[in-house]
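# just to be clear, the model below is a prediction. Sequence and coordinates:
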Amino acid sequence: MTILKVTPTEVVTDAALVYPAVLDELVPLAWHHVEQYANNPIEADHGQLKHRLIPMRGLRTDRTAQRIIAGHAFMQNVRCGHYELGLDAPPWSPRRRGVHRTRRLHLSNQRPAASARLVIGQRNTAT
């Protein structure tokens, strides 16, 4: 804890009896949030991270660890709704294509014009 530059203000744990004494020693100013199921989203998120790390055989270098941690934090923030990607861009911007076009149509409850819809014909030539 002495090498961290940020001191946590809130710690979420389950109701294990060992946590209050340890947290009072390590981070006495942090609020200790104890709830039976409070850790479930955190533990589920760790499961997704472990699922990704097992085929990689762990984090072998600091560079790999930094990239995985940054990507994992970014995806967690996206899932929590902290980003509205591309919504601030003007409609003519190349950043607002694909997913953003369908999101705008969904928000306005309109269907795209027939010329804007993707038409896929039969591709196989078997008869």
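Now that the structure is in, tell me what you want to look at.

# can you give me the helices for the protein?
Chain-ordered helices for the chain, with DSSP state H as the definition, fall at 19-26, 40-56, 62-79, 99-108.

# worst average pLDDT in these?
Ranked on mean pLDDT, the bottom entry among those is helix 99-108, at a mean of 49.

# still on that earlier bit, tabulate the helices of the chain (JSON lines), appending distance to Val12.
C-beta coordinates here come from the backbone N, C-alpha and C atoms, glycine included. Formatted as JSON lines, those follow (distance: least, C-beta to C-beta, whole Å):
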{"stretch": "helix 19-26", "distance to Val12": "10"}
{"stretch": "helix 40-56", "distance to Val12": "7"}
{"stretch": "helix 62-79", "distance to Val12": "15"}
{"stretch": "helix 99-108", "distance to Val12": "32"}
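
# can you pull the domain assignment for the protein?
Domain segmentation of the chain under automatic domain parsing yields 40-79, 85-122.

# identify each buried residue in the first one, please.
In other words, domain 40-79. By neighbour count on 16 or more other C-beta atoms under 10 Å, the buried set for domain 40-79 is His72.

# how near is Leu59 to Pro8?
Leu59 sits at a distance of 22 Å from Pro8 (criterion: C-beta to C-beta, to the nearest Å).

# dump the residue contacts of Thr64.
Under the criterion of C-beta atoms under 8 Å, 6 or more residues apart in numbering, the neighbours of Thr64 are Met56.
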